[in-house]
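Participant: this one's sequence-less:
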(Lines give C-alpha, C1' and ligand atoms only; values in the text may rest on other atoms or scores of the structure.)
Protein backbone atom coordinates (compact mmCIF):
# COMPACT_ATOMS: atom_id res chain seq x y z
CA UNK A 1 0.00 0.00 0.00
CA UNK A 2 0.96 3.64 -0.40
CA UNK A 3 2.89 5.43 2.34
CA UNK A 4 1.27 8.54 3.76
CA UNK A 5 2.90 11.16 5.95
CA UNK A 6 0.80 13.02 8.51
CA UNK A 7 2.28 16.25 9.78
CA UNK A 8 1.21 18.25 12.82
CA UNK A 9 -2.09 16.43 12.90
CA UNK A 10 -4.36 16.93 15.86
CA UNK A 11 -6.45 13.86 15.32
CA UNK A 12 -8.03 10.83 16.91
CA UNK A 13 -7.80 7.08 16.68
CA UNK A 14 -10.65 7.01 14.18
CA UNK A 15 -8.65 8.93 11.57
CA UNK A 16 -5.56 6.77 12.02
CA UNK A 17 -7.60 3.61 11.69
CA UNK A 18 -9.07 4.82 8.41
CA UNK A 19 -5.60 5.64 7.07
CA UNK A 20 -4.25 2.21 7.97
CA UNK A 21 -7.20 0.60 6.21
CA UNK A 22 -9.06 -2.59 6.99
CA UNK A 23 -6.85 -5.51 7.92
CA UNK A 24 -8.02 -9.03 7.10
CA UNK A 25 -5.71 -10.23 9.88
CA UNK A 26 -8.43 -9.14 12.31
CA UNK A 27 -11.34 -10.44 10.26
CA UNK A 28 -13.76 -12.98 11.70
CA UNK A 29 -14.79 -16.26 10.11
CA UNK A 30 -13.10 -19.24 8.50
CA UNK A 31 -9.34 -19.54 8.19
CA UNK A 32 -7.32 -21.30 5.51
CA UNK A 33 -4.32 -22.04 7.71
CA UNK A 34 -1.40 -23.66 5.90
CA UNK A 35 -3.58 -24.08 2.79
CA UNK A 36 -3.18 -20.34 2.18
CA UNK A 37 0.30 -21.17 0.81
CA UNK A 38 -1.15 -23.14 -2.11
CA UNK A 39 -2.67 -22.05 -5.40
CA UNK A 40 -3.84 -25.65 -5.97
CA UNK A 41 -4.56 -28.47 -3.53
CA UNK A 42 -5.77 -31.60 -5.31
CA UNK A 43 -7.48 -34.57 -3.63
CA UNK A 44 -5.52 -37.11 -5.73
CA UNK A 45 -7.94 -39.87 -4.87
CA UNK A 46 -7.67 -43.15 -6.79
CA UNK A 47 -4.40 -42.32 -8.52
CA UNK A 48 -5.91 -39.73 -10.84
CA UNK A 49 -3.82 -36.89 -12.18
CA UNK A 50 -3.57 -33.13 -12.04
CA UNK A 51 -2.94 -31.85 -15.57
CA UNK A 52 -1.32 -28.42 -15.97
CA UNK A 53 -0.03 -26.75 -19.12
CA UNK A 54 0.32 -23.49 -21.06
CA UNK A 55 0.92 -21.08 -18.20
CA UNK A 56 -1.09 -18.17 -19.51
CA UNK A 57 -0.19 -14.56 -20.16
CA UNK A 58 2.88 -14.34 -17.90
CA UNK A 59 4.19 -17.88 -18.32
CA UNK A 60 4.65 -18.02 -14.53
CA UNK A 61 2.41 -19.38 -11.77
CA UNK A 62 3.12 -18.11 -8.26
CA UNK A 63 2.35 -20.34 -5.27
CA UNK A 64 2.70 -23.97 -4.19
CA UNK A 65 0.81 -26.94 -5.63
CA UNK A 66 -0.17 -29.85 -3.37
CA UNK A 67 -1.28 -33.35 -4.41
CA UNK A 68 -2.79 -35.69 -1.84
CA UNK A 69 -3.46 -39.42 -1.84
CA UNK A 70 -2.01 -41.38 -4.74
CA UNK A 71 -2.52 -38.54 -7.17
CA UNK A 72 -0.10 -37.89 -10.02
CA UNK A 73 1.10 -34.83 -11.92
CA UNK A 74 1.16 -34.30 -15.67
CA UNK A 75 2.91 -30.97 -16.30
CA UNK A 76 3.63 -30.23 -19.92
CA UNK A 77 4.19 -26.48 -19.88
CA UNK A 78 5.36 -24.30 -21.33
CA UNK A 79 5.70 -22.39 -18.12
CA UNK A 80 7.46 -21.78 -14.83
CA UNK A 81 6.23 -22.50 -11.30
CA UNK A 82 7.34 -19.96 -8.72
CA UNK A 83 6.74 -22.39 -5.88
CA UNK A 84 6.93 -26.07 -4.97
CA UNK A 85 4.96 -29.12 -6.03
CA UNK A 86 4.39 -31.12 -2.84
CA UNK A 87 3.15 -34.70 -2.78
CA UNK A 88 1.70 -36.24 0.36
CA UNK A 89 2.92 -39.66 -0.82
CA UNK A 90 6.43 -40.94 -1.22
CA UNK A 91 8.19 -40.91 -4.56
CA UNK A 92 6.78 -43.58 -6.86
CA UNK A 93 7.57 -41.78 -10.09
CA UNK A 94 4.18 -40.04 -10.10
CA UNK A 95 5.48 -36.72 -11.47
CA UNK A 96 5.67 -36.37 -15.25
CA UNK A 97 7.18 -32.97 -16.03
CA UNK A 98 8.22 -31.67 -19.45
CA UNK A 99 8.81 -28.13 -20.69
CA UNK A 100 7.99 -26.88 -17.19
CA UNK A 101 10.54 -25.21 -14.94
CA UNK A 102 10.83 -23.94 -11.37
CA UNK A 103 12.24 -20.70 -10.05
CA UNK A 104 15.41 -20.94 -7.96
CA UNK A 105 14.98 -22.79 -4.68
CA UNK A 106 11.78 -24.57 -5.71
CA UNK A 107 11.00 -28.01 -7.07
CA UNK A 108 9.19 -31.28 -6.37
CA UNK A 109 8.94 -32.68 -2.83
CA UNK A 110 7.56 -35.96 -1.50
CA UNK A 111 6.25 -37.18 1.87
CA UNK A 112 4.92 -33.71 2.71
CA UNK A 113 2.43 -34.57 5.46
CA UNK A 114 1.02 -31.06 5.53
CA UNK A 115 -0.65 -31.65 2.15
CA UNK A 116 -2.85 -34.44 3.53
CA UNK A 117 -3.52 -32.52 6.73
CA UNK A 118 -4.57 -29.48 4.74
CA UNK A 119 -6.95 -31.54 2.58
CA UNK A 120 -8.56 -33.16 5.62
CA UNK A 121 -9.05 -29.74 7.15
CA UNK A 122 -10.49 -28.20 3.98
CA UNK A 123 -12.87 -31.11 3.38
CA UNK A 124 -14.20 -30.73 6.90
CA UNK A 125 -14.47 -26.97 6.46
CA UNK A 126 -16.55 -27.45 3.31
CA UNK A 127 -18.99 -29.76 5.08
CA UNK A 128 -19.35 -27.60 8.17
CA UNK A 129 -19.88 -24.38 6.23
CA UNK A 130 -22.27 -26.08 3.80
CA UNK A 131 -24.51 -27.08 6.69
CA UNK A 132 -25.04 -23.45 7.71
CA UNK A 133 -27.93 -21.31 6.53
CA UNK A 134 -27.40 -18.18 4.50
CA UNK A 135 -29.03 -15.48 2.42
CA UNK A 136 -30.48 -16.81 -0.85
CA UNK A 137 -28.54 -15.64 -3.89
CA UNK A 138 -28.66 -16.32 -7.63
CA UNK A 139 -25.50 -15.36 -9.51
CA UNK A 140 -26.54 -13.88 -12.84
CA UNK A 141 -24.11 -11.40 -14.36
CA UNK A 142 -25.85 -10.61 -17.65
CA UNK A 143 -25.26 -7.10 -16.35
CA UNK A 144 -22.84 -6.26 -13.53
CA UNK A 145 -24.06 -7.82 -10.30
CA UNK A 146 -22.90 -6.39 -6.98
CA UNK A 147 -23.29 -8.47 -3.83
CA UNK A 148 -23.01 -6.46 -0.62
CA UNK A 149 -21.20 -8.66 1.87
CA UNK A 150 -23.18 -7.24 4.78
CA UNK A 151 -26.40 -8.61 3.25
CA UNK A 152 -25.17 -12.12 4.02
CA UNK A 153 -26.36 -14.02 7.08
CA UNK A 154 -23.84 -13.72 9.91
CA UNK A 155 -23.23 -17.27 11.08
CA UNK A 156 -20.11 -18.61 12.78
CA UNK A 157 -18.35 -15.31 12.17
CA UNK A 158 -18.92 -15.59 8.41
CA UNK A 159 -21.32 -13.73 6.14
CA UNK A 160 -23.08 -16.59 4.33
CA UNK A 161 -24.98 -16.85 1.07
CA UNK A 162 -26.78 -19.88 -0.36
CA UNK A 163 -26.16 -19.84 -4.13
CA UNK A 164 -28.70 -21.87 -6.09
CA UNK A 165 -27.64 -20.95 -9.64
CA UNK A 166 -24.57 -19.59 -11.43
CA UNK A 167 -24.85 -17.88 -14.81
CA UNK A 168 -21.87 -15.72 -15.75
CA UNK A 169 -20.34 -14.94 -19.12
CA UNK A 170 -17.05 -13.57 -20.43
CA UNK A 171 -16.61 -9.89 -19.63
CA UNK A 172 -19.49 -9.86 -17.13
CA UNK A 173 -18.71 -8.83 -13.54
CA UNK A 174 -19.71 -10.32 -10.22
CA UNK A 175 -18.61 -7.71 -7.66
CA UNK A 176 -18.34 -8.66 -3.98
CA UNK A 177 -18.37 -5.47 -1.93
CA UNK A 178 -17.36 -5.30 1.73
CA UNK A 179 -14.98 -3.84 4.30
CA UNK A 180 -13.12 -7.08 5.09
CA UNK A 181 -14.24 -7.19 8.73
CA UNK A 182 -15.90 -10.60 8.21
CA UNK A 183 -15.22 -13.34 5.69
CA UNK A 184 -17.74 -14.15 2.97
CA UNK A 185 -18.90 -17.69 2.16
CA UNK A 186 -20.87 -18.48 -0.99
CA UNK A 187 -22.29 -21.96 -0.41
CA UNK A 188 -22.92 -23.18 -3.96
CA UNK A 189 -25.36 -26.03 -4.62
CA UNK A 190 -26.71 -25.89 -8.17
CA UNK A 191 -28.85 -28.33 -10.17
CA UNK A 192 -25.94 -28.80 -12.61
CA UNK A 193 -22.40 -27.59 -13.15
CA UNK A 194 -21.29 -24.29 -11.62
CA UNK A 195 -19.89 -22.33 -14.56
CA UNK A 196 -17.88 -19.24 -13.64
CA UNK A 197 -17.17 -17.70 -17.05
CA UNK A 198 -17.11 -14.05 -16.00
CA UNK A 199 -15.02 -11.86 -13.72
CA UNK A 200 -15.16 -11.87 -9.94
CA UNK A 201 -14.03 -8.52 -8.55
CA UNK A 202 -13.61 -7.28 -4.97
CA UNK A 203 -14.64 -3.75 -4.03
CA UNK A 204 -14.41 -1.81 -0.77
CA UNK A 205 -17.08 0.48 0.62
CA UNK A 206 -15.48 3.57 -0.95
CA UNK A 207 -15.75 2.08 -4.43
CA UNK A 208 -12.09 1.11 -4.86
CA UNK A 209 -11.28 -2.30 -6.31
CA UNK A 210 -8.78 -4.87 -5.09
CA UNK A 211 -5.38 -3.91 -6.47
CA UNK A 212 -6.03 -0.17 -6.47
CA UNK A 213 -4.06 2.14 -4.17
CA UNK A 214 -5.82 2.66 -0.85
CA UNK A 215 -8.12 -0.35 -1.23
CA UNK A 216 -9.55 -1.39 2.16
CA UNK A 217 -11.82 -4.38 1.69
CA UNK A 218 -11.95 -8.14 1.27
CA UNK A 219 -8.98 -10.17 0.06
CA UNK A 220 -9.21 -13.27 -2.18
CA UNK A 221 -8.43 -15.35 0.93
CA UNK A 222 -11.65 -14.05 2.51
CA UNK A 223 -14.14 -14.85 -0.25
CA UNK A 224 -14.89 -18.58 -0.40
CA UNK A 225 -16.98 -20.27 -3.08
CA UNK A 226 -17.83 -23.53 -1.34
CA UNK A 227 -19.25 -26.26 -3.57
CA UNK A 228 -20.24 -28.58 -0.76
CA UNK A 229 -22.48 -31.14 -2.50
CA UNK A 230 -21.64 -34.83 -2.64
CA UNK A 231 -19.70 -36.83 -0.09
CA UNK A 232 -16.59 -38.98 0.26
CA UNK A 233 -14.92 -37.27 -2.73
CA UNK A 234 -17.69 -38.11 -5.23
CA UNK A 235 -21.03 -36.78 -6.40
CA UNK A 236 -20.51 -33.02 -6.13
CA UNK A 237 -21.10 -30.20 -8.60
CA UNK A 238 -18.50 -29.72 -11.31
CA UNK A 239 -16.59 -26.44 -11.04
CA UNK A 240 -15.97 -25.00 -14.50
CA UNK A 241 -14.04 -21.70 -14.83
CA UNK A 242 -13.14 -19.93 -18.08
CA UNK A 243 -13.04 -16.13 -17.99
CA UNK A 244 -11.23 -15.71 -21.33
CA UNK A 245 -8.35 -14.16 -19.41
CA UNK A 246 -5.87 -14.06 -22.27
CA UNK A 247 -3.58 -11.25 -23.43
CA UNK A 248 -6.36 -9.79 -25.57
CA UNK A 249 -8.57 -9.34 -22.50
CA UNK A 250 -6.34 -7.82 -19.77
CA UNK A 251 -9.28 -6.79 -17.58
CA UNK A 252 -10.66 -10.32 -17.25
CA UNK A 253 -9.79 -11.76 -13.85
CA UNK A 254 -11.24 -13.81 -11.00
CA UNK A 255 -10.38 -13.11 -7.36
CA UNK A 256 -11.39 -15.61 -4.69
CA UNK A 257 -11.01 -19.07 -3.18
CA UNK A 258 -12.77 -22.13 -4.62
CA UNK A 259 -13.38 -25.28 -2.57
CA UNK A 260 -14.98 -28.31 -4.23
CA UNK A 261 -13.95 -31.56 -2.49
CA UNK A 262 -16.53 -33.84 -4.13
CA UNK A 263 -16.75 -32.42 -7.66
CA UNK A 264 -14.58 -32.30 -10.75
CA UNK A 265 -12.62 -29.09 -11.37
CA UNK A 266 -11.66 -27.54 -14.70
CA UNK A 267 -9.98 -24.16 -15.21
CA UNK A 268 -9.35 -23.12 -18.81
CA UNK A 269 -8.00 -19.81 -20.16
CA UNK A 270 -8.53 -18.11 -16.80
CA UNK A 271 -6.62 -15.29 -15.14
CA UNK A 272 -7.00 -16.03 -11.45
CA UNK A 273 -5.75 -14.73 -8.09
CA UNK A 274 -6.70 -17.04 -5.25
CA UNK A 275 -6.85 -20.75 -4.42
CA UNK A 276 -8.29 -23.89 -6.07
CA UNK A 277 -8.99 -26.72 -3.62
CA UNK A 278 -10.61 -30.14 -4.13
CA UNK A 279 -11.11 -32.22 -7.26
CA UNK A 280 -13.28 -35.27 -6.51
CA UNK A 281 -11.97 -38.73 -7.50
CA UNK A 282 -11.30 -37.75 -11.12
CA UNK A 283 -8.61 -35.89 -13.04
CA UNK A 284 -8.24 -32.16 -12.43
CA UNK A 285 -7.66 -29.92 -15.46
CA UNK A 286 -5.88 -26.57 -15.02
CA UNK A 287 -4.97 -26.05 -18.66
CA UNK A 288 -4.94 -24.01 -21.86
CA UNK A 289 -3.85 -20.53 -20.92
CA UNK A 290 -4.46 -20.24 -17.17
CA UNK A 291 -2.52 -17.66 -15.15
CA UNK A 292 -2.58 -18.48 -11.42
CA UNK A 293 -1.26 -16.21 -8.68
CA UNK A 294 -1.25 -16.60 -4.91
CA UNK A 295 -2.97 -13.67 -3.16
CA UNK A 296 -0.67 -11.25 -1.34
CA UNK A 297 -0.55 -11.64 2.45
CA UNK A 298 -3.04 -9.51 4.39
CA UNK A 299 -1.86 -6.07 5.40
CA UNK A 300 -1.14 -5.52 9.08
CA UNK A 301 -0.13 -2.37 10.94
CA UNK A 302 3.59 -1.95 11.50
CA UNK A 303 4.95 -1.74 15.05
CA UNK A 304 5.23 2.04 14.99
CA UNK A 305 1.64 2.45 13.84
CA UNK A 306 0.39 0.03 16.49
CA UNK A 307 2.20 1.93 19.23
CA UNK A 308 0.81 5.20 17.91
CA UNK A 309 -2.68 3.75 17.85
CA UNK A 310 -2.36 2.81 21.53
CA UNK A 311 -1.03 6.26 22.40
CA UNK A 312 -3.94 7.97 20.72
CA UNK A 313 -6.39 5.68 22.44
CA UNK A 314 -4.97 6.59 25.85
CA UNK A 315 -4.16 10.21 25.34
CA UNK A 316 -6.93 11.48 23.12
CA UNK A 317 -5.72 14.23 20.84
CA UNK A 318 -1.99 14.53 20.33
CA UNK A 319 0.34 16.37 18.01
CA UNK A 320 2.60 14.09 15.97
CA UNK A 321 4.69 13.82 12.85
CA UNK A 322 4.81 10.21 11.75
CA UNK A 323 4.95 8.03 8.66
CA UNK A 324 2.51 5.13 8.64
CA UNK A 325 1.94 2.40 6.10
CA UNK A 326 -1.48 2.56 4.52
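Facilitator: Now that the structure is in, tell me what you want to look at. Because the structure is a prediction, the values reported are computed rather than measured. Residues are numbered from 1 along each chain as shown.
Participant: residue contacts, the nearest residue to residue 151 once chain neighbours are set aside?
Facilitator: The spatially closest residue to residue 151, leaving aside those adjacent along the chain, is residue 135, at 5.9 Å (C-beta to C-beta, 6 or more residues apart in numbering). Placement of C-beta: from N, CA and C, glycine included. Residue 135 is in contact with 151, 152, 153, 160, 161, 162, counting by C-beta atoms under 8 Å, 6 or more residues apart in numbering.
Participant: How about residue 40?
Facilitator: 50, 63, 65, 66, 275, 276, 277, 284, 286, 292.
Participant: and those residues as a markdown table, adding neighbour count?
Facilitator: Listed next are the contacts of residue 40 as a markdown table, based on neighbours: other C-beta atoms under 10 Å:
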| residue | neighbour count |
| --- | --- |
| 50 | 24 |
| 63 | 21 |
| 65 | 25 |
| 66 | 28 |
| 275 | 25 |
| 276 | 27 |
| 277 | 28 |
| 284 | 26 |
| 286 | 27 |
| 292 | 27 |
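Participant: Tell me which two in those residues are the farthest apart.
Facilitator: With distance counted by C-beta to C-beta, no two of those lie farther apart than 63 and 284, which are 15.5 Å apart.
Participant: Look at residue 297 and report its pLDDT.
Facilitator: Residue 297 is assigned 77 on the pLDDT scale.
Participant: now swap in residue 302 and tell me
Facilitator: At residue 302, the model reports a pLDDT of 43.
Participant: Tally up the residues packed near residue 143, please.
Facilitator: 7 (other C-beta atoms under 10 Å).
Participant: Could you pull up phi and psi at residue 208?
Facilitator: Note on residue 208: backbone dihedrals following degrees, to the nearest 10 are phi -80, psi 150.
Participant: one step back: in strands, which of the contacts of residue 40 fall?
Facilitator: Using DSSP state E, 50, 65, 66, 275, 276, 277, 284, 286, 292 are the members of these that sit in strands.
Participant: Dump those to a markdown table, plus pLDDT and distance to residue 187.
Facilitator: Supplementary listing: the ones in strands among the contacts of residue 40 in a markdown table, determined by pLDDT from 0 to 100; distance: C-beta to C-beta, whole Å:
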| residue | pLDDT | distance to residue 187 |
| --- | --- | --- |
| 50 | 98 | 25 |
| 65 | 98 | 26 |
| 66 | 98 | 24 |
| 275 | 98 | 17 |
| 276 | 98 | 17 |
| 277 | 98 | 15 |
| 284 | 98 | 22 |
| 286 | 98 | 23 |
| 292 | 98 | 24 |
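Participant: ok, of the contacts of residue 135, which come out buried?
Facilitator: Buried positions within the contacts of residue 135, assessed by neighbour count (16 or more other C-beta atoms under 10 Å), are 152, 160, 161, 162.
Participant: Show the residue spans covered by the strands in the stretch 201-326 of the chain.
Facilitator: Per DSSP state E, counting those that start in this stretch, the stretch 201-326 of the chain has strands spanning 223-227, 239-241, 254-260, 265-268, 271-278, 284-287, 291-293, 321-325. These are given in chain order.
Participant: ok, of these, where does mean pLDDT dip lowest?
Facilitator: The weakest mean pLDDT among these belongs to strand 321-325, with a mean of 34.
Participant: Now do the domain split for this protein, please.
Facilitator: According to the domain assignment given by automatic domain parsing, the chain is divided into the following structural domains: 3-21+301-325, 36-293.
Participant: Determine how far the longest one lies from the middle of the whole chain.
Facilitator: In other words, domain 36-293. Taking the mean C-alpha point of domain 36-293 and that of its whole chain, the gap between them comes to 6 Å (C-alpha atoms, centre = their mean, to the nearest Å).
Participant: if we can go back for a sec, ok, of the ones in strands among the contacts of residue 40, which one's closest to residue 103?
Facilitator: Residue 103 lies nearest to residue 65 out of the ones in strands among the contacts of residue 40, by C-beta to C-beta, at 13.3 Å.
Participant: tell me the contacts of that closest one?
Facilitator: Contacts of residue 65 were listed using C-beta under 8 Å, 6+ apart, and they are 38-42, 50, 52, 73, 81, 83-86.
Participant: and the gap between it and residue 222?
Facilitator: For residue 65, the distance to residue 222 equals 22 Å [C-beta to C-beta, to the nearest Å].
Participant: what does residue 193 give?
Facilitator: Here residue 193 is placed at a distance of 25 Å from residue 222 (C-beta to C-beta).
Participant: Burial check on the closest residue in space to residue 278 that isn't next to it in sequence, number of neighbours?
Facilitator: Residue nearest to residue 278 in three dimensions, not counting chain neighbours: residue 260, with 3.9 Å by C-beta to C-beta, 6+ apart. Burial measure for residue 260: 27 neighbouring residues, criterion other C-beta under 10 Å.
Participant: likewise the one 10 residues further on?
Facilitator: Using other C-beta under 10 Å, residue 270 has 26 other residues around it.
Participant: That one contacts residue 254, doesn't it?
Facilitator: Yes. Distance between residue 270 and residue 254: 6.3 Å, which falls inside the contact criterion (C-beta atoms under 8 Å).
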